[in-house]
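Peer 1: next comes the sequence, and after it the predicted model I'd like to discuss.
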Amino acid sequence: MNLQVTEKKVGGVERLLQVEVPADLVKQAEDKAVRRYASTARLPGFRPGKAPPAMIRQRFAEAIRQETVDSLIQEAYKQVVGDGDVKLAAQPHVHDVKFAEGQPLTFELHLEVHPEVVLPRTQGFRVTRSVRPVTDDSVQEQIDAVREQHATWAPLDGRPLEQDMVTVTLATAEDDGTIPEGREYRIILGGGQAIPGIEELIMTLAPGETAERPVRWPDDFPDAAQRSKTKVVRVTLTEVKRKSLPDLDDAFAREVGEFETVAALRQAIRDDLESAATREADAEVRQKLIDEIIGANPFEVPPSWVTQMVSAYLQAYQVPESEAEAFTGRFRSLAERQVRRDLVIDTLAEREKLGATESELDDRVAELASRRGTDAGKLYASLQKAGRLKEIERSITEDKVFRWLLAQNTVE
């Protein structure tokens, strides 16, 4: 196909091409579409395939036009992309299609291509490694959290206090002053689940009592239309429960795990926190090295890859559609950073031949099986079925890349 292609934007990862298909080729494609419709069309007074072309053009004008445009764009796209050594990063987009009778077909083709990541400098960087200290207070916070998880709630006859759990039937007056039937709620007082005025009203009641009084909505209430309004609220307190934490003794330590004493429990928690702090420090060093390499070796990334990463975040965190736009604005820079990180790792793994081998993958699966007390072959088959082997392979590759980087650079 004899096309006229004008490069409107070249270089980098985005290309914009102006494509023109000559009028004679447009007519050939249109005639072909007419013949196809004529061969199958059923029109009154004509046998299939015998209707005059002029009548076919008139009857199926819009469909013929669309088929002509689609077929020409598809053929032109194959030729434009196939003519060059183009490695596409995403599906191309067609814009500004212009097609008039007897005229050439013109359109813009927006391409994103794989970035050229060379990384000439990967050595000689200095990064610092800092390990978050594990204090007695941080250990105690974890122990308190474990006690919270094993807390019990006991019914109470008196008036509730903050941190008590209450079951209430709550109704708020309408604009005309009528109070509808109430709805039941379970609230932990002081936890921000209800506005302060309603919590204060609840704390004046004993189980079985009902109270009704005006309550002012806060000035910073999420629903702007309700801010600073005063409405009559009716509350019936059904039940009060107070939380009781288990004693911190050896019996508790044995209950939560295989620990004979509280001291053993404390030591296990400290060990876990220290292991987590070490992993965080290692991850921080890795990211610092990546940042140094990116800073010394600038390269572009396809916007569509960043968009795909944001979409993965949206799905992973199950972000509601109503919050997707704000989430994207906050996390797009983080997504771009992740894309750059992946490109650096992929480039080094390929260049330095650091990709995970089958033997290394087998060893990693065998290690996991040993920890879980299961058969390595069964675990491999299970991971393969779940599509998890790629994750393990990626983890091995990253470990090898960062070991190589750590040998080329200085960590203080």
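Peer 2: Here it is on my side, so go on.

Peer 1: who's in contact with stretch 150-162?
Peer 2: Around stretch 150-162, the neighbours that count as contacts under C-beta atoms under 8 Å, 6 or more residues apart in numbering are 164-166, 189-190, 202-207, 237, 239-246, 252, 255-256. In this view, the C-beta of every residue, glycine as well, is placed from N, C-alpha and C.

Peer 1: check the chain for its longest strand and report it.
Peer 2: When secondary structure is assigned using DSSP state E, the longest strand within the chain turns out to be strand 230-244.

Peer 1: report the rounded mean pLDDT for that strand.
Peer 2: What strand 230-244 shows for mean pLDDT is 95.

Peer 1: now do the very next helix or strand once past that strand, average pLDDT.
Peer 2: Towards the C-terminus, the helix or strand next in line after strand 230-244, according to DSSP states H and E, is helix 250-256. Along helix 250-256, the predicted local confidence has a mean pLDDT of 93.

Peer 1: pick out the residue nearest the middle of this structure.
Peer 2: Residue closest to the average C-alpha location in the chain (C-alpha atoms, centre = their mean): residue 313, at 0.9 Å.

Peer 1: which ones are touching that one?
Peer 2: Shown here is residue 313, whose contacts under the criterion C-beta under 8 Å, 6+ apart are 319, 327, 331, 334, 335.

Peer 1: distance check, it against residue 334.
Peer 2: Going from residue 313 to residue 334 by C-beta to C-beta, to the nearest Å gives 8 Å.

Peer 1: again, but for residue 115
Peer 2: Remark: distance between residue 115 and residue 334 (C-beta to C-beta) = 19 Å.

Peer 1: can you check residue 77 too?
Peer 2: Summarising the geometry, the distance separating residue 77 from residue 334, computed by C-beta to C-beta, is 34 Å.

Peer 1: between these two, who's got more neighbours?
Peer 2: For residue 77 and residue 334, the more surrounded residue by other C-beta atoms under 10 Å is residue 77, and the numbers stand at 17 against 13.

Peer 1: give me phi/psi at residue 292?
Peer 2: phi -60, psi -40 (degrees, to the nearest 10).

Peer 1: how does the chain divide up, domain by domain?
Peer 2: According to the domain assignment given by automatic domain parsing, the chain is divided into the following structural domains: 4-112, 116-150+255-299, 152-244.

Peer 1: tell me how far the second one lies from the chain's centre.
Peer 2: Taking C-alpha atoms, centre = their mean, to the nearest Å, the mean C-alpha location of domain 116-150+255-299 is offset from the chain mean by 23 Å.

Peer 1: could you tell me the end-to-end distance of it?
Peer 2: Terminal residues of domain 116-150+255-299 are spaced 7 Å apart (C-alpha to C-alpha, to the nearest Å).

Peer 1: show me where pLDDT drops low in the stretch 201-350 of the chain?
Peer 2: Scanning the stretch 201-350 of the chain for pLDDT under 70 picks out no residues.

Peer 1: so where do the helices sit in the stretch 301-412 of the chain?
Peer 2: Remark: helices assigned in the stretch 301-412 of the chain by DSSP state H, counting those that start in this stretch are 303-316, 324-351, 358-372, 376-385, 389-408.

Peer 1: also the stretch 51-200 of the chain?
Peer 2: So, for the stretch 51-200 of the chain - with DSSP H, counting those that start in this stretch - the helices run 53-59, 61-83, 136-149, 196-202.

Peer 1: residue 364: which of the domains of the chain is closest?
Peer 2: Minimum separation from residue 364 across these (C-beta to C-beta) falls at domain 116-150+255-299, 17.2 Å.

Peer 1: distance of residue 245 from residue 146?
Peer 2: Here the criterion is C-beta to C-beta. By it, residue 245 lies 10 Å from residue 146.

Peer 1: neighbour-wise, which of the two wins?
Peer 2: residue 146 (18 against 12).

Peer 1: surely that one meets residue 257?
Peer 2: No. Applying C-beta atoms under 8 Å, one finds residue 146 not in contact with residue 257, separated by 9.1 Å.

Peer 1: got the buried residues for stretch 263-275?
Peer 2: Along stretch 263-275, these residues count as buried under the neighbour rule (16 or more other C-beta atoms under 10 Å): 265, 266, 268, 269, 270, 273.

Peer 1: then stretch 400-408?
Peer 2: Residues of stretch 400-408 classed as buried: 400, 401, 402, 405 (neighbour count, 16+ other C-beta under 10 Å).

Peer 1: what's in contact with stretch 335-342?
Peer 2: Where contact means C-beta under 8 Å, 6+ apart, the residues beyond stretch 335-342 that reach it are 287, 290, 294, 299, 301, 305, 306, 307, 309, 310, 313.

Peer 1: please disregard the earlier target; I meant stretch 221-237.
Peer 2: Under the criterion C-beta under 8 Å, 6+ apart, residues 160, 166-173, 177, 179, 182, 195, 197-198, 201-202, 205-220 lie in contact with stretch 221-237.

Peer 1: now do the same end-to-end measure for that stretch.
Peer 2: For stretch 221-237, the first and last residues are 24 Å from each other (C-alpha to C-alpha).

Peer 1: got it, and stretch 293-312?
Peer 2: 25 Å.

Peer 1: show residues contacting that stretch.
Peer 2: When contacts are taken as C-beta under 8 Å, 6+ apart, the neighbours of stretch 293-312 outside the stretch itself are 12-14, 89-90, 112-122, 125, 327-328, 331-332, 335-336, 338-341, 343-344, 405.
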